[in-house]
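Visitor: task: produce atomic coordinates for the following.
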Amino acid sequence: MNIVVDQGKCVGAGQCVLAADDVFDQRDDDGLVDLLDAHPPAERLADVRHAAAVCPASAIAVSE
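Guide: Numbers count the residues shown, from 1 in each chain. Take a look at the predicted model:
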């Protein structure tokens, strides 16, 4: 699995952090997404896909 985030699209809603807090975080200064792990283990796939699906700005792309 490979994850790419577009911080230019991110609106800081934090839904990704709620879905997968070991993969995503929010920067302290502006609240934008911070990708902690671009290649998480396969057992995190469902949570990462959920994070991408609930992102209101569609700022997360997941590929396998």
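Visitor: count the residues that sit near the residue lying closest to residue 42 once chain neighbours are set aside.
Guide: Once flanking residues are discounted, residue 42 sits nearest to residue 1: 6.6 Å by CB to CB, 6 or more residues apart in numbering. In short, each C-beta sits where N, CA and C put it, glycine included. Residues near residue 1, counting by other CB atoms under 10 Å, number 16.
Visitor: run through who's touching stretch 28-37.
Guide: The contact list for stretch 28-37 (CB atoms under 8 Å, 6 or more residues apart in numbering) reads 3, 5, 7, 10, 12, 14, 16-17, 22-27, 59-60.
Visitor: SS state for the residue of the chain most remote from its centre?
Guide: Residue farthest from the centre of the chain, counting by CA atoms, centre = their mean, is residue 29 at 17.5 Å. Of the three states, residue 29 takes coil according to DSSP: H, G, I helix; E, B strand; the rest coil.
Visitor: what pLDDT does it get?
Guide: Confidence per residue is given as pLDDT, and for residue 29 that number is 96.
Visitor: and the helices in the chain?
Guide: With DSSP state H as the criterion, the chain has helices at 15-19, 45-54.
Visitor: now for the last one, which elements pack on it?
Guide: So the one you mean is helix 45-54. helix 15-19, strand 60-63 (3 or more CB pairs under 8 Å, 6 or more residues apart in numbering; DSSP states H and E).
Visitor: got the buried residues for the last one?
Guide: Burial within strand 60-63, assessed by neighbour count using 16 or more other CB atoms under 10 Å, is assigned to residue 60.
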